[in-house]
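K.L.:
Here is the input, now give the coordinates:
(chains A and B, ligands or ions: 2)
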There are 2 protein chains.
Amino acid sequence: MFTFANRHFSLSSTLTIGFVAVILFGALLLTLPIATVHGIESSFIIALFTSTSATCVTGLTLVETSTYWSFFGQFVIMMLSEIGGLGFMTFMVLMFTSARRKLRLSTQLLAQESLNLQHLSQVKLVKMIVGLSLGIQTVGAILLFFDFYPKFGLFKGIWYSIFHSVSAFCNAGFSLFGNSIATFKDNTYILTVLGILIMCGSVGFLVWRDVLTYHKRHHLSLHTKLSLRTGFVIFIGSIFLYALTENGFNNISHNTSTFHNIINIIFMAITPRTAGLVTFDYTHLSMAGTFLTMILMLIGGTPGSTAGGVKSTTIGLLAVQTWATLRGHHDVNFSNRRFPRENIYRALTLIVVAFLIVSVATFVLCMTQPLAEKMGLEYIIFEVLAAFGTTGISLGLTVHLTLFGKIVIMLMMFIGRVGIFNVMYTVLNAKNGQSDIRYPEESVLIG
Amino acid sequence: MFTFANRHFSLSSTLTIGFVAVILFGALLLTLPIATVHGIESSFIIALFTSTSATCVTGLTLVETSTYWSFFGQFVIMMLSEIGGLGFMTFMVLMFTSARRKLRLSTQLLAQESLNLQHLSQVKLVKMIVGLSLGIQTVGAILLFFDFYPKFGLFKGIWYSIFHSVSAFCNAGFSLFGNSIATFKDNTYILTVLGILIMCGSVGFLVWRDVLTYHKRHHLSLHTKLSLRTGFVIFIGSIFLYALTENGFNNISHNTSTFHNIINIIFMAITPRTAGLVTFDYTHLSMAGTFLTMILMLIGGTPGSTAGGVKSTTIGLLAVQTWATLRGHHDVNFSNRRFPRENIYRALTLIVVAFLIVSVATFVLCMTQPLAEKMGLEYIIFEVLAAFGTTGISLGLTVHLTLFGKIVIMLMMFIGRVGIFNVMYTVLNAKNGQSDIRYPEESVLIG
Ligand SMILES: [K+]
Ligand SMILES: [K+]
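P.N.:
Ligands and ions are numbered 1, 2, ... in the order given. Reported below is the predicted structural model:
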């Protein structure tokens, strides 16, 4: 990840350690008796797991959010999600603009014409991202309120609207309805609002910047093009495949109309990338649908967003590279740009480490986790990938996790959110030998 | 893969189409009434599946080899294994030396001092590999005969010795005992002979060449160093992990002594790489052991050997590259050599395509394959990886495969054996833009 040349600490370490601090502070707040409905002190592991899940915007839970946590506890969870979602994005903007500024100084002459110069200052970009995010969440809450007010009254209506708007935009996956959002599986309005909030949160700050400044610059960065195109292909592909595996949602629910089935299928395609709000119990999914969900959770969303996983740009870049190699081409091109070697090495490293971490986590859970008779390997892999992809959908294993299993899943959520590179650089105390961005080749964000 | 510059067909296509031809011819022979014990004509799908499994040295079976196939049928299976094992190796030698010769002509001046020039001619190398392989198999058969003769008499003793020596050396995974080699789980002598045969067949021709010519050249190629070191690490690691997951084999068998347990654990570590001969029913394995076996099958053995999977050098190269990137190093070094970029791209491509193919096969099997109540996702993934790694261990799904499932598994065996690049180049009708070998950087064989 990018490093300040003139500072002694690296941004990766700051981010990693910052997340640990936020999680611990959140856990502390959640152990207070005031945080629970019954005014009892939670065990530290429950508080820590919940704080990790909220800060890492995952949504895996040991206890039922609506009945276990008090208003104070729920408020802490919401704030942790906001820090984990929006705070993380802001930090990524700082990382990105710092590296960009450093680069601009060092390659000023060489890259004068090809450098896609940034017209926004660092502070302005941060302000824009934060303002936009809070704005979208406010609009989302208002839209939800129209439906929630008649159902839950004024206070509950306001609170539910804010909580679920934040949870959806930050892709946190927490809900206050006890069954995720299964209550609303036939409510097109709510599913649409939530779906749009989820997508807004998961595209990442670079895409937002490019889209918002397009009228001035008439240019989309390679990163934006690649992540939008990859995201679109995966989105359409997964709608088609889910419709196939679940027989157009009829396998899951016989009671919904064709129109509601379509909405539910689309929501199914949106949620596993990182959101984690679900309209039904995922144990009812077919085996093929379950496997597809695992793959989507592994992929995750866009870098610099609220998403976890290996990230869409990684997948896109690897796909382009693979195709080039198979065709016998020397260079890896996309949209008339060439990907630099470092970018591809970085994607490769990410995918190898991700595979290693997921395998090790699966292996140790297999060793330590007692499984009920009907539970196959998919229960474990699903849980590991839900944590790594910070998706938070579960087949039900979470509440059965041993203490050791809880620690493994917490680690996976942490790595999934903070990012493999940030965690690895912090652990290895290494610095990236060079900036990730070199021109005239153009890089995309990885991880 | 390497191509002749001056010929119109590529070696990749020749190999791919050659394998198809051998498989079809084998299937034809196996449909003859003379091929079965009861003198009946086999259904074409049984013959084709068996021929594919034998030629691709996998060992997955729809019918019991010893009771279904006659001596003629078994002989056909053995010959197909020999063609699939030794014939493939010979072909790889041709490919390798052709590329080498082409390279030598084109880079004669540049590389004069750094080129690790090959002292053996193409023909001499092929003769050496074939002679050595047949020699090892002959010695193996004789060693097996010492134990088999008292048990099975002269004719059966000779036949069993030859068949199992070929099956072990070619890592074919077929056996005539009805329970793989569970009969011999306490027979240290047989397990040792078979284990050594398996390892001899799975190291690949380049390692053999380097080892055999070491007294002249005092040099091991980077390929040999990397594959031996990776193989050693995986071997020792898997012994340790199996001992852990299966509680020192006590989980699987209470009747064996500690000494036999150790031998069985070592054999467990050898066999999933590609051999497929097993000393017990793998459904008795713990979930962690099952998962470990899947990973080992996915990795497979050395390129240019009887192994399938993504290959040990691929894993070794990716590990070295990943470590370099995480440490912020620009070059990827191993044993004082730098890996060329093309070599790493090739490894990357292989791993991406392998992951894609395995995922697609798993997905379509999930969709089409009815599973018994107790069967989880692991039954499907295990079967797919056993085919792709040409390992041939099964949790029992093979006999339940639908027609479509059989076709998928046959395709996986074929791709696993012929190699992703050979199949892809043939399908895409593409030529590798450049030789895989450039100096002073030194390449290793991938796939
Ligand atoms: K989530
Ligand atoms: K085999």
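K.L.:
got the phi/psi numbers for A:Arg338?
P.N.:
Listed backbone geometry of A:Arg338 is phi -110, psi 130, with angles given as degrees, to the nearest 10.
K.L.:
what are the bridge partners for it, then?
P.N.:
Beta bridges link A:Arg338 to A:Asn333, judged by DSSP bridges.
K.L.:
surely it meets A:Asp331?
P.N.:
Yes. With contact defined as CB atoms under 8 Å, A:Arg338 counts as touching A:Asp331 (5.1 Å). C-beta here means a position set from N, CA and C on the backbone, and glycine is covered the same way.
K.L.:
the more surrounded of those two?
P.N.:
A:Arg338 (15 against 11; other CB atoms under 10 Å in any protein chain shown).
K.L.:
Do you know the pLDDT at that one?
P.N.:
At A:Arg338 the predicted local confidence, pLDDT, stands at 76.
K.L.:
what separates it from chain B, distance-wise?
P.N.:
13 Å (CB to the nearest CB, to the nearest Å).
K.L.:
any idea how far ligand 1 is from that residue?
P.N.:
Distance of A:Arg338 to ligand 1, given as CB to the ion, to the nearest Å: 35 Å.
K.L.:
Distance check, that residue against ligand 2.
P.N.:
According to CB to the ion, A:Arg338 and ligand 2 sit 42 Å apart.
K.L.:
With A:His260 instead?
P.N.:
Distance of A:His260 to ligand 2, computed by CB to the ion: 49 Å.
K.L.:
so what's that residue closest to, chain neighbours aside?
P.N.:
Nearest residue to A:His260, sequence neighbours excluded (CB to CB, 6 or more residues apart in numbering or on different chains): A:Asp186, at 5.1 Å.
K.L.:
Could you do A:Ile34 as well?
P.N.:
Nearest to A:Ile34 is A:Phe72, by CB to CB, 6+ apart, at 5.1 Å.
K.L.:
Please apply the same query to A:Leu80.
P.N.:
For A:Leu80, the closest residue by CB to CB, 6+ apart turns out to be A:Ala54, at 3.8 Å.
K.L.:
A:Ala243 too?
P.N.:
Once flanking residues are discounted, A:Ala243 sits nearest to A:Ile265: 5.3 Å by CB to CB, 6+ apart.
K.L.:
who touches the one you found in this structure?
P.N.:
Contacts for A:Ile265 were tallied using CB atoms under 8 Å, 6 or more residues apart in numbering or on different chains; they are A:239, A:242-243, A:246, A:248-249.
K.L.:
Who are the contact partners of A:Gly26?
P.N.:
A:47, A:50-51, A:54-55, A:76, A:80.
K.L.:
neighbour-wise, which of those leads?
P.N.:
For these, the largest number of neighbours (other CB under 10 Å) sits with A:Ala54, at 34 neighbours.
K.L.:
who's in contact with it?
P.N.:
By CB under 8 Å, 6+ apart, A:Ala54 lies in contact with A:26, A:76-78, A:80-81, A:84, A:172, A:174.
K.L.:
Could you export those to JSON lines, including columns for pLDDT?
P.N.:
Formatted as JSON lines, those follow (pLDDT from 0 to 100):
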{"residue": "A:Gly26", "pLDDT": "95"}
{"residue": "A:Val76", "pLDDT": "95"}
{"residue": "A:Ile77", "pLDDT": "95"}
{"residue": "A:Met78", "pLDDT": "95"}
{"residue": "A:Leu80", "pLDDT": "95"}
{"residue": "A:Ser81", "pLDDT": "93"}
{"residue": "A:Gly84", "pLDDT": "90"}
{"residue": "A:Ala172", "pLDDT": "91"}
{"residue": "A:Phe174", "pLDDT": "93"}
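K.L.:
Return the member of these nearest to ligand 1.
P.N.:
A:Ala172 (5.6 Å; CB to the ion).
K.L.:
ok, how many other residues are close to that closest one?
P.N.:
Counted with other CB under 10 Å, the neighbours of A:Ala172 add up to 33.
K.L.:
Not counting its neighbours along the chain, what's nearest A:Thr390?
P.N.:
A:Thr390's closest residue in space is A:Gly308 (CB to CB, 6+ apart), at 3.1 Å.
K.L.:
what number of residues lie near that neighbour?
P.N.:
33.
K.L.:
hang on, the earlier thing: among the contacts of A:Gly26, which are in helices?
P.N.:
Among the contacts of A:Gly26, DSSP state H puts A:47, A:50-51, A:54-55, A:76, A:80 in helices.
K.L.:
ok so, going back, ok, the residue nearest to A:Ala243 to chain B distance?
P.N.:
16 Å.
K.L.:
quick one, what contacts the closest residue to A:Thr188 other than its chain neighbours?
P.N.:
In space, not counting the residues next to it along the chain, A:Thr188 is nearest to A:Ile263; the distance is 5.4 Å by CB to CB, 6+ apart. A:Ile263 sits next to A:188, A:191-192 when contact means CB under 8 Å, 6+ apart.
K.L.:
same thing with A:Ile381?
P.N.:
Taking CB under 8 Å, 6+ apart, we find A:Ile381 in contact with A:294, A:358, A:362, B:377.
K.L.:
redo that, cut-off 7 Å
P.N.:
Applying CB atoms under 7 Å, 6 or more residues apart in numbering or on different chains to A:Ile381 gives the contacts A:294, A:362.
K.L.:
what do you get for the one 4 residues further on?
P.N.:
Residues in contact with A:Leu385 (CB under 7 Å, 6+ apart) are A:294, A:297-298, A:358.
K.L.:
With distance to A:Ser312 added, can I get the contacts of A:Gly26 in a markdown table?
P.N.:
Below are the contacts of A:Gly26 laid out as a markdown table (distance: CB to CB, whole Å):
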| residue | distance to A:Ser312 |
| --- | --- |
| A:Ala47 | 33 |
| A:Thr50 | 28 |
| A:Ser51 | 28 |
| A:Ala54 | 24 |
| A:Thr55 | 23 |
| A:Val76 | 31 |
| A:Leu80 | 25 |
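K.L.:
of those, closest to chain B?
P.N.:
A:Thr55 (24.6 Å; CB to the nearest CB).
K.L.:
so what pLDDT did that closest one get?
P.N.:
For A:Thr55, the predicted pLDDT is 94.
K.L.:
give the contact list for the nearest residue to A:His284 once chain neighbours are set aside.
P.N.:
Among residues not flanking A:His284 along the chain, A:Ile252 sits closest, at 5.3 Å (CB to CB, 6+ apart). A:Ile252 makes contacts with A:246, A:280, A:284, as judged by CB under 7 Å, 6+ apart.
K.L.:
Can you tell me the SS state at A:Ile252?
P.N.:
coil (DSSP: H, G, I helix; E, B strand; the rest coil).
K.L.:
name the element the closest residue to ligand 1 within the stretch 201-350 of chain A belongs to?
P.N.:
Nearest residue of the stretch 201-350 of chain A to ligand 1: A:Gly276, at 3.3 Å (CB to the ion). Secondary structure assignment for A:Gly276, by DSSP states H and E: no helix or strand.
K.L.:
wouldn't it be in contact with A:Gly59 here?
P.N.:
Yes. Counting by CB atoms under 7 Å, A:Gly276 touches A:Gly59, with 4.1 Å between them.
K.L.:
Any idea which residue of the stretch 151-300 of chain A lies closest to chain B?
P.N.:
Taking CB to the nearest CB, the stretch 151-300 of chain A has A:Ala288 as its residue nearest chain B, at 3.7 Å.
K.L.:
Find me whatever residue is spatially closest to that residue, sequence neighbours aside.
P.N.:
Closest residue to A:Ala288 apart from its sequence neighbours, by CB to CB, 6+ apart: B:Cys366 at 3.7 Å.
K.L.:
correct me, but that neighbour touches A:Leu292?
P.N.:
No. Taking contacts as CB under 7 Å, B:Cys366 lies outside contact range of A:Leu292: 8.5 Å.
K.L.:
Which of the two has more residues huddled nearby?
P.N.:
Set B:Cys366 next to A:Leu292 and count neighbours by other CB under 10 Å: A:Leu292 wins out with 26 against 21.
K.L.:
does the residue nearest to A:Thr188 count as helix, strand or coil?
P.N.:
Classified using three-state DSSP, A:Ile263 is helix.
K.L.:
do A:Thr293 as well
P.N.:
Per three-state DSSP, the secondary structure class of A:Thr293 is helix.
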